[in-house]
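build me a structure from this.
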Amino acid sequence: MSSLRPIVSGGIAAGLVNGAHADGLDPQGHNLPAFDVSALQSQMQQGSLTAVALTQACLSRIEVIDRSGPQLRAVIELNPDAIEIAQERDRERRAGQVRGPLHGIPVLIKDNIATADSMQTTAGSLAMIGAKAPRDAHLVTRLRNAGAIMLGKTNLSEWANIRSNRSTSGWSARGGLTRNPHALDRNTSGSSSGSAAATAAVLAPLTVGTETDGSIVSPASINGVVGFKPTVGLVSRDGIIPISRTQDTAGPMTRSVTDAALLLSAMAGPDSRDPATRSARATDYMAALNLDALRGARLGIVRSAFTGNQRIDAIHEQALSALSAKGARLIDWVKLPSAEQYQDSEFSVLLYEMKAGLNTYLREFGRGAPVNSLADIIAFNEANAAQEMSHFGQELFLRAKELGGLRSKPYLAALETCQRLARTEGIDEALRRHELDALVAPTGGVAWLTDFVNGDHYTGSFSTPAAVAGYPHLCVPCGFAAGLPVGLSFVGPAWSDARILGLGFAFEQATKALRFPSLANSIQII
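Residues are numbered from 1 along each chain as shown. Next up is the predicted model:
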């Protein structure tokens, strides 16, 4: 917890802090006006806001909402150097050296992204405490070079939810349970639980999550924010605690598509340490944001992803009507191979790749931690079961430990099945057959009640096709069902990231479904 006691005056920062200390937060967020990055930059340019004031305001809000009050536990650690970095960004601005749109903007990143500073990188595990990263992850270097301030790290489902198939999303032994700001007894989904909750509760202007299958888009939907999973290879995975070399990626989690585009523009680009980024190009994704992007767009509706819950499906039907009203042509009942056809193959691929990737990561980034391999992590968890396995076990780690290498025939066969059914016979075929610009579907259902006994009980998800294919997937808030947020998904082919962001932006601006969370203990249904 930061020992800083903010003294802030003027502009947005004052409203942020004063609102946080008021008698209860305004459920509609009227005490958080224009907290988007462009508005913050405008105030900094005018001299009515400084990076130091903004950083102090975020720290104060984290203190009041995350550490006390509702105790969201979205932030696992704060950067003790954040104010000093903000002071340097202010000095640069006064000298006329503005690095770009993120100059002086605080960012929270998920606690599986390495930083060579005072902060830990643990994936929420006590086994990783003490590890000293020899260098920043590539995306962190890019963010620092863009002028962003690394404010802290967000809690997550421990090990990005690859330890047990009966886990409770949002819980880690190091960070405890992240709670959903729309209803504190509801789950945040995961594994980017803290990033989503922090975004929803406006603990910082920008956050970064990571996804292997659903870990950005699902918590984005359930917490009512924007989440973008880029094409695999657009953002370097260097320095990120890995699960899958074929599916992992980092991506923005924000309160608007505009902010997601700004953040992605800073994060994306080639990296010699990640071969998947050879085709990546630094791009200004803001240029793709067009209010008329939906006009004439051919969108395939994946009806099989609808939940069957009348309240939820009614919200998504309204979203489809909004797409049509903005000029999109909807092609209904587009079919994809069922994810059940390749879910076992995907699972095998993830376990094989996690074993190989994690051992490689630990050799470089795990120095100083009490573990050097997956086998060591398993032993650590067994020796510290009261803390690490108080709610669920590590059966997936145990399975992965017994698997062979990435040249084994079972792995290669599973990988071929995944790529064929998700790409060639899946998204690629659907887009080609119907001449589509993108697929559209509900991102998933609503947040479930957190249950440490039975673990997660998901209410549907459209994450798997794009995740297994490695294709871009954008979740945009589209409304509320029984007081809980739901999102709409836009999925496109590889490297169509700009186009997908443009479609989502036009939808977002037409619907404006974002709502500030109530921070209530539970949903009151009338």
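
where's the closest residue to V446 other than its chain neighbours relative to V476, distance?
What sits nearest to V446 in space, not counting adjacent residues and going by C-beta to C-beta, 6 or more residues apart in numbering, is L484, at 3.9 Å. Yep, even glycine has a C-beta here, placed from its N, CA and C like the rest. With distances taken as C-beta to C-beta, to the nearest Å, L484 is found 16 Å from V476.

which of these two has more neighbours?
V476 (29 against 22; other C-beta atoms under 10 Å).

in three-state terms, label that one for me.
Assigned with DSSP: H, G, I helix; E, B strand; the rest coil, V476 falls in the strand class.

let me see the contact set for it.
V476 makes contact with V226, V257, G487, L488, F490, G504, F507, E508, A513, according to C-beta atoms under 8 Å, 6 or more residues apart in numbering.

the fifth one and I500 touch, don't they?
Yes: because the distance of 5.0 Å satisfies C-beta atoms under 8 Å, F490 is recorded as touching I500.

quick check: neighbours shared by those two?
Common neighbours of F490 and I500 (C-beta under 8 Å, 6+ apart) are A438, H473, L474.

what residues are up against the second one?
With contacts defined as C-beta under 8 Å, 6+ apart, H473 is in contact with I216, V217, F228, K229, S463, A466, A467, S489, F490, V491, I500.

looking at those, which are in strands?
The members of those that map onto strands under DSSP state E are F228, K229, S489, F490, V491.

tally of neighbours for the second one?
Number of residues near K229 (other C-beta under 10 Å) recorded here: 36.

next one: G104 from A51, what distance?
3 Å.

end-to-end on stretch 201-221?
With C-alpha to C-alpha, to the nearest Å as the measure, stretch 201-221 spans 14 Å from end to end.

and it, which residues are buried?
201-221 (16 or more other C-beta atoms under 10 Å).

okay, and which of those residues map to strands?
Going by DSSP E, the strands hold L206, T207, V208, G209, T210, E211 from the buried residues of stretch 201-221.

farthest pair in those?
L206 and E211 (16.6 Å; C-beta to C-beta).

regarding the protein, what is its longest helix?
helix 343-365 (DSSP state H).

that one packs against which elements?
helix 374-383, helix 395-401, helix 409-419, helix 464-469 (3 or more C-beta pairs under 8 Å, 6 or more residues apart in numbering; DSSP states H and E).

of all the ones you listed, which one is nearest V37?
helix 464-469 (25.8 Å).

check the offset of stretch 218-236 from the chain's centre.
5 Å (C-alpha atoms, centre = their mean, to the nearest Å).

go on, stretch 262-281?
Going by C-alpha atoms, centre = their mean, where stretch 262-281 is centred and where its chain is centred differ by 17 Å.

begin at 675, not 1, for the rest of this chat.
Taking 675 as the first residue, the last one we looked at is stretch 936-955.

enumerate the positions of it that are buried.
Result for stretch 936-955 [16+ other C-beta under 10 Å]: buried residues 936-945, 948, 950-951, 954.

may I have it exported as CSV, CA atoms only?
Below are the C-alpha coordinates for stretch 936-955, written out as CSV (Å, rounded to 0.1, in the frame of the first residue of the first chain):
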residue,chain,number,x,y,z
LEU,A,936,-4.5,4.7,-28.0
LEU,A,937,-3.1,2.1,-25.7
LEU,A,938,-2.7,-0.5,-28.5
SER,A,939,-0.9,2.0,-30.7
ALA,A,940,1.8,2.3,-28.0
MET,A,941,2.0,-1.4,-27.2
ALA,A,942,2.0,-3.0,-30.6
GLY,A,943,5.1,-3.5,-32.8
PRO,A,944,7.7,-6.0,-33.8
ASP,A,945,10.2,-7.5,-31.4
SER,A,946,13.2,-9.6,-32.2
ARG,A,947,12.6,-11.7,-29.1
ASP,A,948,9.1,-12.8,-30.3
PRO,A,949,9.1,-14.4,-33.7
ALA,A,950,5.3,-14.1,-33.9
THR,A,951,5.7,-10.3,-34.2
ARG,A,952,7.5,-10.4,-37.5
SER,A,953,4.4,-9.3,-39.3
ALA,A,954,3.5,-6.6,-36.7
ARG,A,955,3.7,-3.0,-37.7
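
most neighbours of all the contacts of H1147, which one?
Of these, with other C-beta under 10 Å as the count, K903 tops at 36 neighbours.

tell me the spacing between it and G826.
Distance from K903 to G826, by C-beta to C-beta: 22 Å.

can you check F1021 too?
33 Å.

more neighbours, these two?
Comparing F1021 with G826 by other C-beta under 10 Å, the one with more neighbours is G826, at 30 against 16.

A strand includes that one, no?
Yes: with three-state DSSP as the criterion, G826 is part of a strand.

and the nearest residue to it once chain neighbours are set aside, how many neighbours?
Leaving aside its sequence neighbours, G826 sits nearest to L752 (C-beta to C-beta, 6+ apart; 4.1 Å). Residues contacting L752 under the criterion other C-beta under 10 Å number 24.

hmm, L752 is touching T828, no?
No: look at L752 against T828 with C-beta under 8 Å: they stay out of range, at 10.8 Å.

per-residue confidence at the residue of the chain most remote from its centre?
The outermost residue of the chain relative to its centre, with distances by C-alpha atoms, centre = their mean, is A769 at 34.3 Å. Residue-level confidence at A769 comes out at 98, pLDDT.

what's the most centrally placed residue in the chain in contact with, if anything?
With distances taken as C-alpha atoms, centre = their mean, the residue of the chain nearest its centroid is G883 (3.1 Å). For G883, the contacting residues are 784, 828, 866, 869-870, 889-890, 893-894, 901, 924-927, by C-beta under 8 Å, 6+ apart.

which residue is the nearest non-sequential neighbour of it?
S866 (3.0 Å).

how about the contacts made by the one you found?
With C-beta under 8 Å, 6+ apart, S866 has these contacts: K784, T828, L830, G883, T884, E885, S889, I890, P893, A894, G901, M927.

and the strands in the stretch 1075-1200 of the chain?
1112-1116, 1147-1155, 1158-1165 (DSSP state E, counting those that start in this stretch).

tell me what angle the longest one forms with strand 880-885.
Which is strand 1147-1155. 110 degrees (axes from the mean of the first three to the mean of the last three C-alpha atoms, to 10 degrees).

and if you look at the shortest one?
For strand 1112-1116 against strand 880-885, the angle by the same axes, to 10 degrees is 90 degrees.

just checking, what packs against strand 1112-1116?
So strand 1112-1116, by 3+ C-beta pairs under 8 Å, 6+ apart, packs with strand 972-975, helix 984-999, helix 1102-1108, strand 1158-1165, helix 1171-1185.
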